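**Student:** The sequence and its predicted three-dimensional model are supplied below.
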Amino acid sequence: MDMPEDYYAQVPFEADEVQGEDPYEKVGISSLSSGMPISGYVDYAYEIEITGRSEGNSSGQFGGWIQHFAVSDDGTKLYACDVWNKRIQLISLPDRKTLHSFPTNIAGFNFQARGIHILRNGDLCVNCVDTTGLPKLHLFSPEGQTISHFGPGIFGSTSAMAVDEMDRISVVDRRKMRVITCSKTGKVVDSFDPGIKDEILRICADSKGRLVIPDHLQNAIYVFEHNGRPSNAIKPSPGCGYDFKYPAGVACDSNDNILVADVGNHRVSQFTSEGVYRASVLTKRDNGMWRPHDVVATKSGSLLVSEVSGTYIKVFNFNSAGVRYFD
């Protein structure tokens, strides 16, 4: 299957980041400069400062587009992985200000942060990878202090990561082509083959611990129990109006609805936990979506979306009925 010319499935670890102007970047910039939400587009956006691939240590200065991020339960703090500069950036969402950053450093070595989740006690679980593919899962305090780390001997080479509400950590081992679930102390709980042969970009977990795994190149989403037993699959028929074109990021909302960032169709679609289509909740026409890649759902009802090569995060708000509203 051919990929879009302006999109690479494996970035930035395997390929250089996408370059070129994004016509929707002006939306985030305008929202920041005016301080007001833009009707029909974002409620607000956080625009990051790009400094290039340097070992910079300034808060808020990123080396590339945002791909991995997590939001606190109260919806006020954004933790974003700065892959190139090997740091975690902490951002206050209400006032859109960077609070601080810290390096993803383990025993004197800096690792790329390629996944981040917030544990129940507020600590951070970060998927750390070096240039040789050596993986380590690292637990940090919210301030960036090292708590513990593990990985060698458990994982071969990690890619996507998810953490469920019981703090079970599930990681895709790209070398073994398996999903390995362990406790936050590193004890292996489950391991299974999801049957997906291509690169798995992202995974997420619902409130029951089920894992949602996109098959990026085959345009399908699979749901597994945490022990690997298949639960259901989402395979929209071509031309049905909500079929996929390179699904990437996935998230589950507070009702366990599944949200899919559909890169090629410029939309975020919502399905029930059983895989029944509900709606395209964010689209190019109505909300300015442009190659959405990562999506995070907060418990307060917001959706945070990053886009391929974008230097911003868009924030959308929904009411209890799942209907968009503007502040």
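**Tutor:** Yep, that arrived. Numbering: from 1, shown residues only.
**Student:** what separates stretch 94-105 from the chain centre, distance-wise?
**Tutor:** On the basis of C-alpha atoms, centre = their mean, to the nearest Å, stretch 94-105 sits 17 Å off its chain's mean C-alpha point.
**Student:** ok, now stretch 111-120?
**Tutor:** 10 Å.
**Student:** Please identify the buried residues of that stretch?
**Tutor:** For stretch 111-120, a neighbour-count test (16 or more other C-beta atoms under 10 Å) marks F111, Q112, A113, R114, G115, I116, H117, I118 as buried. Where C-beta positions appear, they are placed from N, C-alpha and C, glycine not excepted.
**Student:** Now that stretch: average pLDDT?
**Tutor:** Averaged across stretch 111-120, pLDDT comes to 94.
**Student:** returning to what we had before: looking at the buried residues of stretch 111-120, spot the one nearest D82.
**Tutor:** Proximity of those to D82 (C-beta to C-beta) peaks at A113, which lies at 7.0 Å.
**Student:** which ones are touching that closest one?
**Tutor:** By C-beta atoms under 8 Å, 6 or more residues apart in numbering, the contact set of A113 is H68, C81, D82, V83, K86, R87, I88, T104, V126, N127, C128.
**Student:** That one pairs with what?
**Tutor:** C128 (DSSP bridges).
**Student:** about what we covered before: just name the closest of the buried residues of stretch 111-120 to S273, please.
**Tutor:** Of all these, S273 sits closest to H117, with 19.8 Å by C-beta to C-beta.
**Student:** can you tell me the helix or strand for the closest one?
**Tutor:** Assigned by DSSP states H and E, H117 falls within strand 112-118.
**Student:** how about low-confidence regions in the protein?
**Tutor:** Applying pLDDT under 70 to the chain picks out residues 1-62, 131-134, 318-327.
**Student:** can you pull out the helices in it?
**Tutor:** 25-34, 284-287 (DSSP state H).
**Student:** what comes up buried for the last one?
**Tutor:** Of the residues in helix 284-287, those buried by neighbour count under the rule 16+ other C-beta under 10 Å are N287.
**Student:** what's the neighbour count on H68?
**Tutor:** 25 (other C-beta atoms under 10 Å).
**Student:** Which residue comes closest to it once chain neighbours are left out?
**Tutor:** C81 (4.0 Å; C-beta to C-beta, 6 or more residues apart in numbering).
**Student:** And the one you found, how far from I88?
**Tutor:** 6 Å (C-beta to C-beta, to the nearest Å).
**Student:** tell me, what's touching these two both at once?
**Tutor:** By C-beta under 8 Å, 6+ apart, the residues touching both C81 and I88 are A113, I116, V126.
**Student:** my guess is the last one contacts H138, does it?
**Tutor:** Yes. V126 is within contact range of H138, at 4.9 Å (criterion: C-beta atoms under 8 Å).
**Student:** Show me which of those two is the more surrounded one.
**Tutor:** Higher neighbour count among V126 and H138: V126, with 25 against 22, using other C-beta under 10 Å.
**Student:** Enumerate every residue touching the more buried one.
**Tutor:** Applying C-beta under 8 Å, 6+ apart to V126 gives the contacts C81, I88, T104, A113, G115, I116, L137, H138, L139, F140.
**Student:** 10 Å instead, please
**Tutor:** Contacts for V126 (C-beta atoms under 10 Å, 6 or more residues apart in numbering) come out as 68, 70, 79, 81, 88, 104, 106, 111-117, 136-140, 149, 161.
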